[in-house]
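# This is the structure alone, sequence omitted:
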Ligand SMILES: Nc1ncnc2c1ncn2[C@@H]1O[C@H](COP(=O)(O)OP(=O)(O)OP(=O)(O)O)[C@@H](O)[C@H]1O
Ligand SMILES: [Mg+2]
């Protein structure tokens, strides 16, 4: 049998890696939920996703927990965004996409025949790499989702806008300019506006695809602080190329890697564990090589 470098996981525990250089600030001090109290919010089972004939990810089985931040890391093209977009079926918008396996959110099937994708995307919000406020006022941006879902009461909409902007740590900066265009804000403010928009519909899960990669360091730290606050109420899944960031903010880290076989380059989950463990004592040699900057 040919050895597949990606699927042949290294079962034996490896000795501790001598001080990997990248992540210096660890999240180990963060209060951790007792194992017995952890609640699975998103369960991915034997999942594969194809763009036409090309299988982008395969064999993904993993749980994402409520009130935790999970980081997905791995080299470009290994399928991080594909996995993220699979959770709220954003990939459906691309022609020729099909999935195998299933994803369950709080026990409900995402890929089952009865799934209402509008309802699904209400339960699973998404924040993208580039802030993408709609060309409308700050207020209208935030209440876009609730309006779409039928909320017309002006007082309620005002309450939702204030609550969401406060949760997104933006209220103080915009409370006097709510009628101004969302596009007039700075990049960091726009990203927090997009976060406010995504939480206005009170989702269960928030997906973030490199949410800070287009931001300056101060805005990045603001978004990270915000994520730490939001995790008290949500399940947060973040894709990041910044390993320091993964180490700073996440409770769990998943390392993905594309296969090196020319006929099958699909991305797989190589190692998934507590962030503190993954960055100090990775079990798989490929994880170790990646976090110490030897490839990717
Ligand atoms: N719309 C698409 N149509 C066809 N192939 C796609 C599409 N989107 C992604 N792919 C392919 O699927 C694979 C995984 O892509 P994906 O964007 O998920 O990677 P990624 O890990 O997020 O990379 P990056 O770190 O560069 O964002 C890549 O080979 C990519 O070329
Ligand atoms: Mg990506």
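All right, it came through fine. Since we're looking at a predicted model, the values are computed, not measured. Ligands and ions are numbered 1, 2, ... in the order given.

# what about the strands in the stretch 101-250 of the chain?
Per DSSP state E, counting those that start in this stretch, the stretch 101-250 of the chain carries strands over the ranges 108-109, 124-127, 205-209, 235-239.

# and the angle for the last one with strand 205-209?
This means strand 235-239. Here strand 235-239 runs at an angle of 10 degrees relative to strand 205-209 (axes from the mean of the first three to the mean of the last three Cα atoms, to 10 degrees).

# Give me the sheet partners of strand 235-239 and which way each runs.
Next to strand 235-239 in the sheet, as set by DSSP bridges, lie strand 69-73 (parallel), strand 205-209 (parallel).

# List the contacts of that strand.
41-42, 64-73, 80-81, 84, 87, 204-211, 227, 230, 246, 249-250 (Cβ atoms under 8 Å, 6 or more residues apart in numbering). To be clear about C-beta, it is placed using only N, CA and C from the backbone, and glycine gets the same treatment.

# now the first one
The contact list for strand 108-109 (Cβ under 8 Å, 6+ apart) reads 102-103, 115.

# What confidence value was assigned to residue 295?
Note for residue 295: predicted pLDDT of 74.

# Am I right that it falls within a strand?
No. Under DSSP: H, G, I helix; E, B strand; the rest coil, residue 295 sits outside any strand and is assigned coil.

# Skipping its backbone neighbours, what lies nearest it in space?
Once flanking residues are discounted, residue 295 sits nearest to residue 289: 5.8 Å by Cβ to Cβ, 6 or more residues apart in numbering.

# next one: residue 129
Leaving aside its sequence neighbours, residue 129 sits nearest to residue 210 (Cβ to Cβ, 6+ apart; 4.3 Å).

# Hmm, residue 245 and that neighbour touching each other?
No. Counting by Cβ atoms under 8 Å, residue 210 does not reach residue 245; the two are 9.5 Å apart.

# higher neighbour count, those two?
residue 245 (24 against 20; other Cβ atoms under 10 Å).

# Could you report the separation of the more buried one from ligand 1?
Distance, residue 245 to ligand 1, by Cβ to the nearest ligand atom, to the nearest Å: 14 Å.

# got it, and residue 44?
Applying Cβ to the nearest ligand atom, the value for residue 44 to ligand 1 is 14 Å.

# Ligand 1 contacts on this protein?
Residues of the chain lying near ligand 1 by Cβ under 6 Å from any ligand atom: 51, 54, 56, 74, 76-82, 94.

# swap the cut-off to 5 Å and go again
51, 56, 76-82, 94 (Cβ under 5 Å from any ligand atom).

# in stretch 156-173, what's buried?
Using 16 or more other Cβ atoms under 10 Å as the burial criterion, the residues of stretch 156-173 that qualify are 157, 160-165, 167-171, 173.

# So which of those sit within helices?
Members of the buried residues of stretch 156-173 lying in helices (criterion: DSSP state H): 157, 160-165, 167, 171, 173.

# among these, which two are most distant?
For these, with distances taken as Cβ to Cβ, the pair at the greatest spread is 157 and 173 (19.9 Å).

# which residues make contact with stretch 167-183 from outside it?
The set of residues external to stretch 167-183 that reach it, using Cβ under 8 Å, 6+ apart, is 133-141, 161-162, 165, 185, 189-190, 192-193, 195-196, 199, 222, 225-226, 229-230.

# Of these, select the buried ones using a ChimeraX command.
This is the ChimeraX syntax for the buried subset of the contacts of stretch 167-183, where burial follows 16+ other Cβ under 10 Å:
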select :133,137,138,139,140,141,161,162,165,185,189,190,192,193,195,196,199,222,226,230
